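Asks: Return a 3D structure for these sequence lines:
(chains A, B, C and D)
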Number of protein chains: 2
Amino acid sequence: MAISDLSTRGVDALFDRVPKATLRAHIVERLRHAILAGDIPPGAPLVETALSERFDVSRGPLREALRQLIEEGLVVTVPYTGTRVAELSVDDIHEIYSLRTVLETFAFEQVWPRRDDRFRAELKRRNEALIATIDAGDDRASILTELEFHGLVYEASGHKLLQRAWHGLRGRLQLYWAAHHRAHGRRGPKRDSHDSYIKAAFGQDFEAMKAEIADHMRRGMETTETFLRSMPDSSGKPKRGVKS
Amino acid sequence: MAISDLSTRGVDALFDRVPKATLRAHIVERLRHAILAGDIPPGAPLVETALSERFDVSRGPLREALRQLIEEGLVVTVPYTGTRVAELSVDDIHEIYSLRTVLETFAFEQVWPRRDDRFRAELKRRNEALIATIDAGDDRASILTELEFHGLVYEASGHKLLQRAWHGLRGRLQLYWAAHHRAHGRRGPKRDSHDSYIKAAFGQDFEAMKAEIADHMRRGMETTETFLRSMPDSSGKPKRGVKS
DNA sequence: GGATCGTCGATTGTCAACAATGTGTCATAG
DNA sequence: CTATGACACATTGTTGACAATCGACGATCC
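Replies: You can find the predicted model right below:
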């Protein structure tokens, strides 16, 4: 799996100018990383010329990369006027978590009959990876490991459309979690936050699993919402902040 | 709506160069229409130079339009090799309908407490519009009216992310329905196909509504799957067929 | 002094030419 | 006749320049 490959090499090990496949894909990666890491905060303007210079590419591939990030919900644009990193809002949080509850429940429903030993072992492995990042105090990495933990269910479902939907949610979630991390230092996921989740996943009662998912999501949403409401004003109008 | 506008004036009655908003958006509209109407069948190659000439734009906006259609699942591409209209497959049908069942159930769950008279009236209105197109024998239009009928629930949910997910499903559904229509002349939706659906939607029993949705989807999926399996070979390799 | 209109700068939208890559063909050797 | 290799063609990827549009600032008029 290329995913675990990425997580081991760390978040900012950047290949500078080694076009592996297509240029646009690389820009998407790097821009997404810069946004999700908070290097370019929500609301910050994304000027095409500045970005094309920063990434050392022309505006063509860069524009296409921006379009993709728009599709992912990380970036918003208004024609002839400008492009910015998406802003945060409580309404979005409600939408993200409510839809995520539905999708993750559905994903588990698909996976339920096929929970073999490999699935169980991998779920445990990813939980231990999550705990490791928490113990290490690496909050930024713990965001990724937590997403990978939950991502397993979608991958195991074998449902491509569902995985696609999860991908769209995943980016948005990361945007909020990263902002939380940036504001409070620690986002504060507990070591045992997934214990009951795993227990239910290994059990035989699917209804219990559904309840556990709903509960897990409710807690996550409340945490995120509380954080966002504590923000002074995330809908302010930051002027500049792209260059470097 | 500009869509009905486009459908009435036909595919090649082109406004010659009246940029209303942004060029890319227009190309997306026209390309999507051409694909969903079957003018460019599944598997047909989409050559950028040919399309840019056909639509009288340069390759820049055209490429961006293609990217968007890729996101929507109507088009597939492989780097440096080519772009084609997405092919049809039974696996996709299962994914589309299973996910759609989940999403539409969720949408109804959101709408359930707010089913006021306006909602009921609009649902009836759209059903009558669907019946009108069926009676008129306009199968192509009945695809649109049926999608609009089901679309109401998503719109009424007020859930932007959910609407976005529906949008992605909608295009794919249309792709299959249009192929069905093209192959069999009539796709054959019955006049009363939504009677029980509406009855459940107006009732008080949400569990009954869930069952009705599941049943409706199951029937739709079976119809679509049966059609696709009756196709000689939809995974063949058509050579050319873009120009004109 | 306040409002309105025009102008200027900044930013995105669009275009046509050039480079990189992949695929199929055709000649050639075994 | 088959396999193999090089070559040419078709197609996408990338680039830099040019055009259209928007927002803000400042001058001007009431």
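Asks: what's the neighbour count on residue A:193?
Replies: When neighbours are counted by other CB atoms under 10 Å in any protein chain shown, residue A:193 registers 18. (Glycine included, C-beta is placed from N, CA and C.)
Asks: ignore the last one, residue A:36
Replies: Other residues near residue A:36 come to 23 when the count uses other CB under 10 Å.
Asks: Residue A:78 now?
Replies: Neighbours of residue A:78 under the rule other CB under 10 Å: 8.
Asks: do residue A:212 as well
Replies: Other residues near residue A:212 come to 21 when the count uses other CB under 10 Å.
Asks: ok, and it, which helix or strand is that part of?
Replies: Using DSSP states H and E, the secondary-structure element containing residue A:212 is helix A:206-230.
Asks: Residue A:155 contacts residue A:162, doesn't it?
Replies: No: applying CB atoms under 8 Å, one finds residue A:155 not in contact with residue A:162, separated by 9.8 Å.
Asks: If you count surrounding residues, which of those two has more?
Replies: Neighbours per residue (other CB under 10 Å) separate residue A:155 from residue A:162, with residue A:162 holding more: 22 against 18.
Asks: which residues touch the residue in chain A that DNA strand C sits nearest to?
Replies: Distance from DNA strand C to each residue of chain A (CB to the nearest atom of the strand) is smallest for residue A:48, at 3.6 Å. Residues in contact with residue A:48 (CB atoms under 8 Å, 6 or more residues apart in numbering or on different chains) are A:59, A:62-63, A:66, A:83.
Asks: List the contacts of the spatially most central residue of chain A.
Replies: In chain A, the centroid-proximal residue (CA atoms, centre = their mean) is residue A:174; its distance is 3.1 Å. If a contact means CB under 8 Å, 6+ apart, then residue A:174 has A:36, A:143, A:147 as its contacts.
Asks: Check residue A:162 too.
Replies: A:103, A:106-107, A:110, A:154, B:95, B:99.
Asks: Do stretch A:194-208 and chain B come into contact?
Replies: No: on the criterion CB under 8 Å from any CB of the partner chain, stretch A:194-208 is out of touch with chain B, staying 14.6 Å away.
Asks: can you tell me the distance between the two ends of that stretch?
Replies: End-to-end distance of stretch A:194-208 (CA to CA, to the nearest Å): 14 Å.
Asks: which residues are in contact with it?
Replies: Here stretch A:194-208 has contacts from A:108-109, A:112, A:115, A:120, A:123-124, A:127, A:130, A:149, A:209, A:211-213, A:216, using CB under 8 Å, 6+ apart.
Asks: repeat for stretch A:63-73
Replies: Outside stretch A:63-73, the residues that touch it by CB under 8 Å, 6+ apart are A:24, A:27-28, A:31-32, A:35, A:46, A:48, A:75-77, A:83, A:86, A:167-168, A:171-172, A:175, B:63-64, B:67-68, B:71.
Asks: now it: mean pLDDT?
Replies: Stretch A:63-73 comes out with an average pLDDT of 94.
Asks: So which residues on chain A come close to chain B?
Replies: For chain A, the residues in contact with chain B (CB under 8 Å from any CB) are A:21-22, A:60, A:63-64, A:67-68, A:71, A:79, A:92, A:95-96, A:98-99, A:102-103, A:106, A:159-162, A:164-165, A:168-169.
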